[in-house]
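Chemist: here you go, sequence then predicted model.
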2 protein chains.
Amino acid sequence: MQLQEARNQFIAAWGSFGSHWGINRTMAQIHALLLVSAEPICTEDIMSSLSISRGNTNMNLRELINWGLVERVLLAGERKEFFSAEKDIWVVARIIARERKKRELAPMIKFLDSISDVQEGGSEKEIASFTTTINGIRRFSQLANNTIDTIAGADENWLVSTLLKIVKH
Amino acid sequence: MQLQEARNQFIAAWGSFGSHWGINRTMAQIHALLLVSAEPICTEDIMSSLSISRGNTNMNLRELINWGLVERVLLAGERKEFFSAEKDIWVVARIIARERKKRELAPMIKFLDSISDVQEGGSEKEIASFTTTINGIRRFSQLANNTIDTIAGADENWLVSTLLKIVKH
DNA sequence: TTTTTATTTCAGAATTTACTGAAAGTTCGA
DNA sequence: TCGAACTTTCAGTAAATTCTGAAATAAAAA
């Protein structure tokens, strides 16, 4: 297969997969373009490669930088900014896990805590049923939260060997 | 806190969280309503509780049933169908993991395999850089895929104790 | 069979989300 | 301090997604 063809397909695919994990299509496509670019590239390159506007490029780049997936690079002798993506997929996965935990899991746990103390407004059976369900979700969420913390903080070798042990159990 | 108030807040919250994991808002709200209903409920109940149309209710219920999160229940002496949700959060999590794996991870792996054999169309350095990136993602995805298989097939006690070990490592 | 009740479908409408492009803002060299 | 190069913002527009409601279908009762 030709390099350019493979790159283009990867960009399109990463764009549609990205929308499943909290990253919109264009943001994921820019990320993909940077992932398969050996050298840093500039805004104009992104605009023309993906046929998107300057504003769109700028906003999605900023979001990628906020996530920590992309960094600005200053090249000697160039006035404009260049961009480059983190290429180690383990680091990428950790960043995404950390961001999603912050945006989704943490607020969920906070919210579940706030509604877990129901005392009235229904029969004992109804209240018990509700409380059991909510507490199950709370405990699960807390364990997931702690697991992500550990995974996001772990070094790759430990993590891979731990996961391999789980898989082979 | 009052039961009804807590239920309503839970439904609203689950609806907005759901949209982060591949379930649209209404689908997640119907799921939440069923999660906090001690007894099975019918289409009319869902329509009036959530103020949504019959068509919307029907389509999202079907999708929840497809996922395996909700089941049809026939009550003695009732002509119409009732619905009830799986309440064990570990089972729910496993179902969601299995569905997302099927819809997202599996196609991704298949796709990455298809573009991993690039031989021409750029300098050796460029090809090597591309291949390294793609193979990193491939290996990662395969490990994730196997891990999810194990988790989805494991019983709760083993899983909890394994996760606790990871967290306390 | 006919009537009644329940379920499903889907075209068009409404809503939500994402994108464009021009104007405003910023930075830097001379 | 001016002008050119580059970056950012955001109102308006476009695209994608979700929802409605009425009609078609199906199933059970009369």
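Modeler: Yep, that arrived. Residues are numbered from 1 along each chain as shown, chains lettered A, B, ... in the order given.
Chemist: switch to C-alpha atoms for all contacts and neighbour counts from now on
Modeler: Will do.
Chemist: buried set for stretch A:102-115?
Modeler: Within stretch A:102-115, the residues that qualify as buried are A:Leu105, A:Met108, A:Ile109, A:Leu112, A:Ile115, counting by 16 or more other C-alpha atoms under 10 Å in any protein chain shown.
Chemist: contacts only, for the last one.
Modeler: Okay, so that is A:Ile115. For A:Ile115, the contacting residues are B:Met1, B:Ala6, B:Gln9, B:Phe10, by C-alpha atoms under 8 Å, 6 or more residues apart in numbering or on different chains.
Chemist: mind redoing it with 10 Å?
Modeler: For A:Ile115, the contact set (C-alpha atoms under 10 Å, 6 or more residues apart in numbering or on different chains) comprises A:Thr131, A:Ile134, A:Asn135, B:Met1, B:Gln2, B:Leu3, B:Glu5, B:Ala6, B:Arg7, B:Gln9, B:Phe10.
Chemist: do the fourth one as well
Modeler: With contact set as C-alpha under 10 Å, 6+ apart, A:Leu112 has these partners: A:Ile134, A:Asn135, A:Ile137, A:Arg138, A:Arg139, A:Ser141, B:Ala6, B:Gln9, B:Phe10, B:Ala13.
Chemist: how about the contacts made by the residue nearest to the third one when sequence neighbours are not counted?
Modeler: Nearest non-adjacent residue to A:Ile137, counting by C-alpha to C-alpha, 6 or more residues apart in numbering or on different chains: B:Ile89, 6.0 Å away. Residues counted as contacts of B:Ile89 (C-alpha under 10 Å, 6+ apart) are A:Thr133, A:Ile134, A:Asn135, A:Gly136, A:Ile137, A:Arg138, A:Arg139, A:Phe140, A:Ser141, B:Leu35, B:Ile95.
Chemist: looking at the residues you listed, which is nearest B:His20?
Modeler: If you rank the contacts of B:Ile89 by distance to B:His20 using C-alpha to C-alpha, A:Ser141 comes first, at 14.7 Å.
Chemist: for B:Phe10, see how far away that closest one is.
Modeler: As judged by C-alpha to C-alpha, to the nearest Å, A:Ser141 and B:Phe10 stand 15 Å apart.
Chemist: report the buried residues of stretch A:8-24.
Modeler: Here stretch A:8-24 shows A:8-23 as buried, counting by 16+ other C-alpha under 10 Å.
Chemist: can you give the contact residues for that stretch?
Modeler: Here stretch A:8-24 makes contact (C-alpha under 10 Å, 6+ apart) with A:3-4, A:7, A:25-36, A:49-50, A:60, A:63-64, A:96-97, A:99-100, A:103, B:19-22, B:100, B:103-105, B:107-108, B:111-112, B:114-115, B:134.
Chemist: cutoff 6 Å now
Modeler: Contacts of stretch A:8-24 with the rest of the structure, by C-alpha atoms under 6 Å, 6 or more residues apart in numbering or on different chains, involve A:Arg25, A:Ala28, A:Gln29, A:Ala32, A:Leu33.
Chemist: if we can go back for a sec, now tabulate the buried residues of stretch A:102-115 in TSV and tack on pLDDT and secondary structure.
Modeler: Below are these laid out as TSV (pLDDT from 0 to 100; DSSP: H, G, I helix; E, B strand; the rest coil):
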residue	pLDDT	secondary structure
A:Leu105	92	helix
A:Met108	94	helix
A:Ile109	95	helix
A:Leu112	96	helix
A:Ile115	95	coil
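Chemist: nearest to B:Leu159 among the residues you listed?
Modeler: The closest of those to B:Leu159 turns out to be A:Leu105 (C-alpha to C-alpha; 19.5 Å).
Chemist: if you rank the contacts of B:Ile89 by neighbours, which is first?
Modeler: In terms of neighbours by other C-alpha atoms under 10 Å in any protein chain shown, the contacts of B:Ile89 top out with B:Leu35 at 26 neighbours.
Chemist: buried stuff in the longest helix seen in chain A?
Modeler: Longest helix in chain A by number of residues (criterion: DSSP state H): helix A:124-153. In terms of neighbour count (16+ other C-alpha under 10 Å), helix A:124-153 has its buried residues at A:126-127, A:129-135, A:137-138, A:140-141, A:143-152.
Chemist: mean confidence for the helix or strand harbouring A:Ile11?
Modeler: For A:Ile11, the host element (DSSP states H and E) is helix A:3-18. For helix A:3-18, mean pLDDT rounds to 95.
Chemist: one step back: and which of the contacts of A:Ile115 is nearest to B:Phe82?
Modeler: Of these, the one sitting nearest to B:Phe82 (C-alpha to C-alpha) turns out to be B:Arg7, at 19.5 Å.
Chemist: okay, now the closest residue to that closest one other than its chain neighbours: neighbour count?
Modeler: Of all residues not flanking B:Arg7 in the chain, B:Val36 sits nearest, at 6.6 Å (C-alpha to C-alpha, 6+ apart). Neighbourhood size, B:Val36 [other C-alpha under 10 Å]: 26.
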